[in-house]
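K.L.:
With the sequence up front, the predicted model follows.
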Amino acid sequence: MNNELSLVAEMLNNPSIITSVDIDSEWFESPQQKMIVEALTRLRGMNYTTEQVYREMRSIDLFSAGTVDDLETLKGLAPQLGIERELARQIHNAYLDRKLHTASTDYAQTLSKTDGDKLSRLLEEKREVNHIKSDGRLDLAFAEFCDSLDRPSNAMTTYKPLDDFLGGGITGGKLIVLAGRPATGKTAFALNIMYELFTKNDDVACDFFTFEMGQNELMTRLVSKVTNINSLLFVGKDKLSPDNKVKAREAYEAMKRSFDMRVFTSEYSNLNDIKYAIKKRIDDKRYVAFVDYAGLITVNDARKNERQVMNEVTRELKKLTTDYGITIILLAQLSRAVEQRQDKRPMLSDLKESGSLEQDANVTLLLSADEKDSRKIRCDVAKNREGMTGIAPFIFDKKHMDFSIDFDEWRG
Ligand SMILES: Nc1ncnc2c1ncn2[C@@H]1O[C@H](COP(=O)(O)OP(=O)(O)OP(=O)(O)O)[C@@H](O)[C@H]1O
């Protein structure tokens, strides 16, 4: 019995497999097995019967569904060896080999960037599928632990009040969620953190994924901060004095030269593209990706609802941070509930599509403006898995897109 038949037979016997093992109907070569897996995927989470699976298959393709007896026969053939995960891995591998065969032929013919990128993505996926998992013993972990005791801290400093909560600064392996109501200054705050990372630390690389702005729209904000030129003046550039034009050009050029930074725009809003771009940037430097913002990220499966998409986004980004020891700062919106409360301070439960954002984040920062003075911004470290929680106070100079520590409030 081949791998596809064995796995499908196991799945017919055990409805929990489809929820616990990574399986995609697309990987199956046999149209019949593909259809059964598609039906099982639709019934995911249910304790399905063979009859239900058959009904689902008929709704997918009435004429190729076969008979319910065929399914019962297949079910009876299950080898029941408990190796579903390995079977799925082999099926996934075989699928990737077929795709790689086509993709490499296409690339050989066209040598186009699109075909080249497709080929690299498939190779990357293949590398991941065959990544050998740890056997759970502690020997390697212990060696790594001893090694880490003698290594200097690799925390990257930003603003002192925030660093203090984070145990000295931003360290790798973390998913940090930065949330606030629209126009509180999330993007500006993220850019300021990035600026601090570059100017206060060596060997740092940062990328900014922005799905609402162009590269220069984003850069203008940094230029405004660095040059102290009102960001509004960049909208109608005729208002900029010749001196300011020179200053702006020089500031942009200097950042381009000295910051190891890239800005990816909406063409990278698909989760796979984000993952791909991040993986390509991983080298010896300490890397931080800023993703603005979670609600605009798309995934390939169009059937997923908002909550399922968010689950996938946070799970996959979290996995990247732990697999590669990098930091991802994920921006997110807060729901309107904040405004309806007497006390306008945001809470973790205000995170839109909250569940997975709240759960997967190592750190959650909630930004909110003071009701009386909108320049005063509270950065509430509302969740911190490895450290303290509390408020880091800032002053937001909106004209110049600049965040500075609010020393009147900070009791450092
Ligand atoms: N030149 C300027 N002068 C005064 N205020 C400005 C200027 N430019 C932008 N602002 C204000 O700064 C804030 C922009 O902050 P930012 O875009 O970082 O917020 P955000 O939380 O990321 O918003 P969104 O959720 O809409 O993306 C807005 O309140 C905007 O009105």
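P.N.:
Looks like it arrived, so ask away.
K.L.:
which residues are there in the chain that come within reach of the ligand?
P.N.:
Counting by C-beta under 6 Å from any ligand atom, the chain comes close to the ligand at 180, 182-188, 230-232, 398-399. The C-beta positions use only the backbone N, C-alpha and C, and glycine is treated the same way.
K.L.:
hmm, try it at 8 Å
P.N.:
180-191, 212, 221, 224, 230-232, 292-293, 331, 333, 367, 374, 396, 398-401 (C-beta under 8 Å from any ligand atom).
K.L.:
ok, of the residues you listed, which come out buried?
P.N.:
180-181, 184-191, 221, 224, 230-231, 292-293, 331, 333, 367, 396, 400-401 (16 or more other C-beta atoms under 10 Å).
K.L.:
and these, which of them are in strands?
P.N.:
When DSSP state E is applied, those are split such that G180, D292, L331, Q333, L367, F396 fall in strands.
K.L.:
Between these, which sits nearest the ligand?
P.N.:
G180 (5.2 Å; C-beta to the nearest ligand atom).
K.L.:
residues in contact with the residue nearest to that closest one when sequence neighbours are not counted?
P.N.:
Of all residues not flanking G180 in the chain, L367 sits nearest, at 3.6 Å (C-beta to C-beta, 6 or more residues apart in numbering). Going by C-beta atoms under 8 Å, 6 or more residues apart in numbering, L367 touches L178, A179, G180, T184, G185, K186, F189, P346, I377, R378, C379, D380.
K.L.:
What backbone torsions are found at the spatially most central residue of the chain?
P.N.:
The C-alpha lying nearest the average C-alpha coordinate of the chain belongs to L317 (C-alpha atoms, centre = their mean; 3.1 Å). In terms of degrees, to the nearest 10, the main-chain angles of L317 are phi -70, psi -40.
K.L.:
I figured it hits V291, correct?
P.N.:
Yes. Assessed by C-beta atoms under 8 Å, L317 is found in contact with V291 at 7.3 Å.
K.L.:
Quickly list what's touching both of those two.
P.N.:
I274, I328, L330.
K.L.:
can you tell me the helix or strand for I282?
P.N.:
With elements taken from DSSP states H and E, nothing contains I282; it lies in neither a helix nor a strand.
K.L.:
Starting from the ligand, give me the distance back to it.
P.N.:
Here the criterion is C-beta to the nearest ligand atom, to the nearest Å. By it, I282 lies 27 Å from the ligand.
K.L.:
what's the pLDDT at that residue?
P.N.:
With respect to pLDDT, I282 scores 85.
K.L.:
So what's the residue count around it?
P.N.:
Summarising burial for I282: neighbours were counted as other C-beta atoms under 10 Å, giving 14.
K.L.:
and the residue of the stretch 251-400 of the chain found nearest the ligand, what is it in contact with?
P.N.:
Relative to the ligand, the nearest point of the stretch 251-400 of the chain is K398 (3.3 Å; C-beta to the nearest ligand atom). Contacts for K398 (C-beta under 8 Å, 6+ apart) come out as G185, A188, R375.
K.L.:
Just the ones of those in helices?
P.N.:
Secondary structure from DSSP state H places A188 of the contacts of K398 in helices.
K.L.:
Please identify which of the contacts of K398 is nearest to D243.
P.N.:
Nearest to D243 out of the contacts of K398 is A188 (C-beta to C-beta; 24.7 Å).
K.L.:
Identify the residue spatially nearest to that closest one, adjacent ones excluded.
P.N.:
Residue nearest to A188 in three dimensions, not counting chain neighbours: M401, with 4.8 Å by C-beta to C-beta, 6+ apart.
K.L.:
now the ones in strands among the buried ones among the residues of the chain next to the ligand in JSON lines, with pLDDT and distance to S59?
P.N.:
As requested, those are arranged in JSON lines below (pLDDT from 0 to 100; distance: C-beta to C-beta, whole Å):
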{"residue": "G180", "pLDDT": "93", "distance to S59": "44"}
{"residue": "D292", "pLDDT": "95", "distance to S59": "40"}
{"residue": "L331", "pLDDT": "97", "distance to S59": "40"}
{"residue": "Q333", "pLDDT": "92", "distance to S59": "36"}
{"residue": "L367", "pLDDT": "96", "distance to S59": "47"}
{"residue": "F396", "pLDDT": "97", "distance to S59": "54"}
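K.L.:
Could you list the low-pLDDT ranges of the stretch 151-300 of the chain?
P.N.:
Applying pLDDT under 70 to the stretch 151-300 of the chain flags the ranges 237.
K.L.:
Tell me which stretches of it form helices.
P.N.:
160-165, 186-200, 215-227, 242-258, 271-280 (DSSP state H, counting those that start in this stretch).
K.L.:
Number of residues surrounding F394?
P.N.:
25.
K.L.:
any chance you could map the strands in this structure?
P.N.:
For the chain, the strands defined by DSSP E occupy 174-180, 204-210, 260-264, 286-292, 327-333, 363-369, 376-384, 390-397, 402-405.
K.L.:
among the ones you listed, which is nearest A155?
P.N.:
When the strands of the chain are compared by C-beta to C-beta, strand 286-292 sits nearest A155, at 9.4 Å.
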